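A.B. asks: Build me a structure from this.
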Amino acid sequence: MTIAILSALPEEQAGWVESLQGVRGTRHAGRQFWQGRWPADAAGAGHDLVCALSGIGKVAAATTAAALIERFGVTRIVFTGVAGGVGAGVQVGDVVVASEYLQHDFDASPLFPRWELPGYGRTRLACDPVMSAALHAASQDCVGHAARAHQGLVVSGDQFVGTALASQALRSGLEAAGHPVLAVEMEGAAVAQTCHDYGVPFAAMRTISDRADDSASVDFADFVRNVASRYAQQILTGFLQRL
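C.D. replies: Next up is the predicted model:
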């Protein structure tokens with residue numbers, strides 16, 4: 001089993017390449033991929049890993065996920081990064097593990113209902129339940145009593161939601177249609193769709209960097225620099241140990 005660790009930004013994956021044994025780099029499709037063996041634990045277990053940065057946005061994330069599957073033969077993909085908190089009770093410093101994904105900016109109406117993916121007959125794509133359970137357990141261990149680990153719907157779109165008005169409109173529109181959103185970001189739903197097409201299990205965790213409101217751009221930059229990498233390192237270590 002080869003597991004891919006995918007992130008949008010370098011800070012969201014800091015330290016992982018350095019932790020691999022026998023690491024080797026490959027440049028492919030405009031991306032840098034790092035392959036190696038994650039150190040064995042006391043029981044002699046370990047994992048073959050491929051680390052990659054997708055860049056920002058759905059298209060970049062989808063092409064990177066496809067390259068991981070086609071070129072590097074990964075059989076599991078886990079996405080780690082940050083997101084804006086949208087749901088009630090989702091605060092900065094919390095972690096959200098995605099159970100499902102939806103593209104909030106996808107609209108092929110009136111040919112199809114809003115948010116429905118043509119050819120799929122659904123609006124949401126589910127994440128792998130076993131991997132997601134391991135991520136959620138690792139997240140709970142990481143945040144302890146200082147924050148909360150949530151699990152539920154995360155939405156993606158090619159826009160940075162950075163005003164309170166936009167955040168409220170996003171949340172109210174989705175919830176009115178029966179989609180209780182917890183967090184918003186820019187890549188995960190595209191990776192979920194790519195993995196669905198290839199039959200590759202997928203899971204994702206997002207540390208909440210801001211509340212997707214008028215202070216989001218300031219909070220996001222500071223949080224990514226100072227907190228995101230530490231959370232990602234701890235949670236992914238716990239996740240891999242559980243697998």
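A.B. asks: Quick check on M186: phi, psi?
C.D. replies: phi -130, psi 10 (degrees, to the nearest 10).
A.B. asks: Tell me which stretches of this structure form helices.
C.D. replies: Along the chain, the segments classed as helices by DSSP state H run 58-70, 129-143, 164-176, 188-198, 216-223, 229-242.
A.B. asks: Pick the most buried one from those helices.
C.D. replies: helix 188-198 (a mean of 24; mean count of other C-beta atoms under 10 Å). For the C-beta atoms, the positions are set from N, CA and C on the backbone; glycine is no exception.
A.B. asks: rewinding a little: which one of the helices of the chain lies nearest to D107?
C.D. replies: When those are compared by C-beta to C-beta, helix 164-176 sits nearest D107, at 11.0 Å.
A.B. asks: which residues are in contact with the closest one?
C.D. replies: 84, 86-87, 102, 104, 155, 161, 180-181, 184, 211-214 (C-beta atoms under 8 Å, 6 or more residues apart in numbering).
A.B. asks: now stretch 104-123
C.D. replies: By C-beta under 8 Å, 6+ apart, the residues outside stretch 104-123 that reach it are 102-103, 125, 155-159, 170, 174, 177, 179, 181, 184, 193, 196.
A.B. asks: pLDDT (mean, whole number) over that stretch?
C.D. replies: Averaged over stretch 104-123, pLDDT sits at 96.
A.B. asks: Let me see the mean pLDDT of stretch 15-24.
C.D. replies: Stretch 15-24 comes out at a mean pLDDT of 88.
A.B. asks: Now that stretch: buried residues?
C.D. replies: Judged by neighbour count using 16 or more other C-beta atoms under 10 Å, the buried positions of stretch 15-24 are W16, V17, L20.
A.B. asks: Quickly name whichever of these is closest to I56.
C.D. replies: I56 has its nearest neighbour among these in W16, at 18.8 Å by C-beta to C-beta.
A.B. asks: any chance you could read off phi and psi for that closest one?
C.D. replies: The phi/psi pair for W16 (degrees, to the nearest 10) is phi -70, psi -40.
A.B. asks: ok, so what distance separates it from D48?
C.D. replies: Computed as C-beta to C-beta, to the nearest Å, the W16 to D48 distance reads 13 Å.
A.B. asks: try G30
C.D. replies: Note on G30: its distance to D48, by C-beta to C-beta, is 23 Å.
A.B. asks: which of the two has more neighbours?
C.D. replies: Set side by side, G30 and D48 show more neighbours around D48, with 18 against 10, by other C-beta atoms under 10 Å.
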